[in-house]
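S.K.: Make a model of this:
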Amino acid sequence: MGIEIVVVVIAIALALAFDFTNGFHDAANQVATVIKTDAIKPLRALIIAATFDFVGAFFLGSKVAETLGKGIVDPHLMTKGVSSTLVIIAALLGAILWNLWTWRTGTPSSSSHALIGGLLGAFVVGWGFAPVNWLKVLSVFAILIASPLIGFLVASVLTRVAIFVSAVIALPARTNSFFRKAQHATLITQALSHGTNDAQKTMGVIVFILTIAGMHAQVRGEAFIPLWVMLSCAVAIAVGTLCGGWRIIRTLGWGIYDIKPIHSFTSQFSSTSIIYLSSVFGYPISTTQVISSSVMGTGAAENPKRVHWQITRDMVFAWLVTIPASATLSATFLLLFRGMWPHIIGIIISATVIHMAWKKISLSRVFPKQIDFMSLLSGQAGTVIEGLKTAQDYCERPGPEAAEAVDRAENEADEARHDITAKVRSTFITGKFDRHNIENLSQKIDDIMDESKKAVLRMEKFEVSPDKYIIEMLGKLSEAVELIKEAIETLGTDPKRCDECIKAARKRENTIQHIYEAWYGKTESEMKVDVDRLAPDQVGNVLRTMIRNRDEEKVQYAFIKAADAVVMAAAELETILAKIA
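M.R.: Numbers count the residues shown, from 1 in each chain. The predicted model follows:
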């Protein structure tokens with residue numbers, strides 16, 4: 001009897017550990033959007049979520065617990081004793097291991113999927129297919145699949161309605177303030193619904209453990225959940241929520257869409273409604289999927305092109321593999337407990353072969369390959385740098401051939417911009433960078449070359465000889481573009497160096513302005529003459545100087561516009577850096 005109690009205690013401890021990882025893993029789902037919009041400070045948001053997770057788990061019904069406690073497999077039909085309890089231990093280990101792995105990678109996968117997959121894998125290996133109520137399993141799967149789709153659609157509709165109403169009211173400051181304050185209410189209701197659904201799954205598992213160990217008695221034909229089970233599960237999920245999974249908070253709050261208060265409110269409201277309704281009817285849905293899909297829906301309602309579909313794709317992939325992965329893990333643990341090493345070796349070999357085959361096939365055949373837009377932008381900046389070198393060559397040896405070389409270089413820069421624009425517009429997947437930032441940055445880099453070409457063609461047309469001011473401006477412009485290129489290359493790897501390059505590029509633009517002011521001051525002093533006192537031949541010289549200065553000013557103005565494009569490119573880079581920092 002002693003060993004049975006020890007095994008049961010271990011199983012219950014693992015169930016509570018899963019409940020903790022569930023809260024830890026799913027804390028992000030509840031607080032990510034309110035933290036992103038700065039509606040509630042992080043620690044306060046976690047405390048609110050943890051408190052109402054506890055309230056929802058302890059006070060708001062037990063339908064979901066009954067579904068997992070006896071709906072999928074009736075524990076009274078199972079053999080009592082240690083061997084049956086080991087089945088549940090294996091299921092919980094598989095679910096916990098998957099939860100920890102997805103937390104480590106920052107992927108919002110489903111704890112519910114992990115638990116259900118773990119249970120099914122262990123049940124089938126431990127007791128075969130017969131005891132499993134497959135009709136109930138199919139109904140649970142149907143709800144698991146339908147709930148995120150419904151969350152996406154409901155959030156999209158609510159966001160469109162909210163945006164329309166906000167536009168009619170036309171008071172953006174008050175509207176933002178209202179949605180920011182309303183997130184307190186939606187966070188509380190979402191935490192209540194989360195506790196009602198997710199903590200009860202663990203309650204059901206513990207009741208199952210107690211039943212197959214012969215330590216639980218039914219009351220009036222219903223699954224009776226002891227008070228200590230409800231209390232321990234409520235505490236475990238609340239403590240887990242309080243610890244928070246910050247990796248996933250970053251993915252949900254910053255990775256999917258640039259969330260504003262209106263998006264946070266509508267996504268929370270829609271996901272809360274769906275989670276609570278499913279709890280009322282006793283269906284264990286994936287709160288992670290519902291909340292994540294609601295965030296996607298609210299972003300897609302406003303501007304689908306600005307949703308980071310690359311991150312969404314990774315999340316969907318994790319959702320698809322969660323059930324089979326956790327089922328495989330739990331089956332492996334159970335085989336390990338039974339000492340069936342040939343089966344374990346077979347599973348490991350099969351998993352390795354599948355992994356290698358998947359890598360060989362490449363994800364790009366199943367999902368579109370992500371385009372590295374930063375490499376394309378860096379290449380475009382490199383093309384502009386080469387173009388500016390041809391402009392510098394023109395200043396050293398002016399002539400039609402040198403001017404044509406600048407024109408060809410500008411055409412190459414145009415082609416690079418057109419290539420980036422076409423690729424941006426042909427895919428939803430632009431990684432963690434917004435497509436409009438990519439297009440704007442590419443346009444500004446191209447503008448630098450466009451204006452430099454105009455300057456050279458004006459020098460050629462008006463026979464303006466490049467003086468020290470033009471040569472110096474062109475040199476500083478080339479340095480600025482080199483810094484922009486380095487900033488692009490260090491954007492995702494070295495934010496500090498990226499910021500330094502952006503600031504240095506701005507200083508080069510400021511230097512170009514000073515060079516122009518120095519040139520303008522010189523020409524103004526040259527023009528300060530009394531025409532009435534000039535001899536007739538001197539008047540002609542003054543007029544020619546004035547015309548030359550006017551033509552040179554047109555050249556200088558083109559370089560000033562190129563320098564302005566540097567500033568705007570730096571501003572785009574600062575925006576991107578702020579979003580991914």
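S.K.: buried sites along stretch 400-411?
M.R.: Buried residues in stretch 400-411, counted by 16 or more other CB atoms under 10 Å: 402-403, 405-406, 409-410. (Glycine included, C-beta is placed from N, CA and C.)
S.K.: Contacts made by it with the rest, please.
M.R.: 383, 386-387, 390-391, 393-394, 449-450, 452-453, 456-457, 459-460 (CB atoms under 8 Å, 6 or more residues apart in numbering).
S.K.: same question, stretch 484-495
M.R.: Taking CB under 8 Å, 6+ apart as the rule, stretch 484-495 contacts 374, 377-378, 381-382, 385, 432, 441, 445, 497-498, 501-502, 505, 566, 569-570, 573, 576-577, 580-581.
S.K.: before we move on, the earlier item: go through the contacts of stretch 400-411 and say which is closest to residue 238.
M.R.: Minimum distance to residue 238 across these is 56.5 Å, recorded for residue 383 (CB to CB).
S.K.: Can I have the buried ones of the contacts of stretch 400-411 as a PyMOL selection?
M.R.: Listed next is the PyMOL selection for buried residues among these, using 16+ other CB under 10 Å:
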select buried, resi 383+387+390+391+394+449+450+452+453+456+457+459+460
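S.K.: Just say helix, strand or coil for residue 130.
M.R.: coil (DSSP: H, G, I helix; E, B strand; the rest coil).
S.K.: Now do it against residue 3, distance only.
M.R.: Relative to residue 3, residue 130 is positioned 28 Å away (CB to CB, to the nearest Å).
S.K.: and whatever helix or strand residue 118 lives in, what other elements does it pack with?
M.R.: Assigned by DSSP states H and E, residue 118 belongs to helix 111-127. Contacts defined by 3 or more CB pairs under 8 Å, 6 or more residues apart in numbering; DSSP states H and E place helix 111-127 against helix 2-36, helix 82-105, helix 134-169, helix 200-212, helix 287-302, helix 309-337.
S.K.: quick one: which of those helices is nearest residue 473?
M.R.: helix 309-337 (40.1 Å).
S.K.: so for that closest one, what's the average pLDDT?
M.R.: In this model, helix 309-337 carries a mean pLDDT of 75.
S.K.: Stretch 149-168 now?
M.R.: pLDDT averaged over stretch 149-168 gives 84.
S.K.: tell me which residues of it are tucked away?
M.R.: Neighbour-count burial for stretch 149-168 [16+ other CB under 10 Å]: 150-152, 154-156, 158-159, 162-163, 166.
S.K.: residue contacts, the closest residue to residue 158 other than its chain neighbours?
M.R.: Leaving aside its chain neighbours, residue 158 sits nearest to residue 266 (4.2 Å; criterion: CB to CB, 6 or more residues apart in numbering). By CB under 8 Å, 6+ apart, the residues touching residue 266 are 155, 158-159, 162, 294, 298.
S.K.: Low-confidence regions, the stretch 151-300 of the chain specifically.
M.R.: 169-174, 216-224, 244-259, 283 (pLDDT under 70).
S.K.: ok, so of the buried residues of stretch 149-168, who is nearest residue 52?
M.R.: Using CB to CB, the buried residues of stretch 149-168 come closest to residue 52 at residue 151, 19.8 Å.
S.K.: thinking again about what came up before, make a ChimeraX selection of the buried ones in the contacts of stretch 484-495.
M.R.: Remark: buried members of those, expressed as a ChimeraX selection using 16+ other CB under 10 Å:
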select :374,377,378,381,382,385,441,445,498,501,502,505,566,569,570,573,576,577
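S.K.: what separates the nearest residue to residue 42 once chain neighbours are set aside from residue 299, distance-wise?
M.R.: Of all residues not flanking residue 42 in the chain, residue 35 sits nearest, at 5.2 Å (CB to CB, 6+ apart). Counting by CB to CB, the gap from residue 35 to residue 299 is 17 Å.
S.K.: tell me the contacts of residue 40?
M.R.: Applying CB under 8 Å, 6+ apart, the residues contacting residue 40 are 31, 34, 48, 183-184, 187.
S.K.: Three-state assignment for residue 493, please.
M.R.: Strictly by three-state DSSP, residue 493 counts as coil.
S.K.: Tell me the confidence at it?
M.R.: For residue 493, pLDDT reads 82.
S.K.: From start to finish, how long is stretch 490-499 in a straight line?
M.R.: Start and end residues of stretch 490-499 are separated by 9 Å (CA to CA, to the nearest Å).
S.K.: residues in contact with residue 412?
M.R.: Contacts of residue 412 by CB under 8 Å, 6+ apart are 383, 386-387.
S.K.: Can you flag which of these belong to helices?
M.R.: The helices, defined by DSSP state H, take in 383, 386-387 from the contacts of residue 412.
S.K.: got the end-to-end distance for stretch 98-114?
M.R.: 7 Å.
S.K.: What residues does residue 505 make contact with?
M.R.: Residue 505 makes contact with 480-481, 483-484, 487, 566, 569-570 under the criterion CB under 8 Å, 6+ apart.
S.K.: Could you provide those residues in JSON lines, with additional columns for distance to residue 473, secondary structure and pLDDT?
M.R.: Formatted as JSON lines, the contacts of residue 505 follow (distance: CB to CB, whole Å; DSSP: H, G, I helix; E, B strand; the rest coil; pLDDT from 0 to 100):
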{"residue": "480", "distance to residue 473": "10", "secondary structure": "helix", "pLDDT": "93"}
{"residue": "481", "distance to residue 473": "13", "secondary structure": "helix", "pLDDT": "93"}
{"residue": "483", "distance to residue 473": "16", "secondary structure": "helix", "pLDDT": "93"}
{"residue": "484", "distance to residue 473": "16", "secondary structure": "helix", "pLDDT": "93"}
{"residue": "487", "distance to residue 473": "21", "secondary structure": "helix", "pLDDT": "92"}
{"residue": "566", "distance to residue 473": "12", "secondary structure": "helix", "pLDDT": "90"}
{"residue": "569", "distance to residue 473": "17", "secondary structure": "helix", "pLDDT": "89"}
{"residue": "570", "distance to residue 473": "17", "secondary structure": "helix", "pLDDT": "88"}
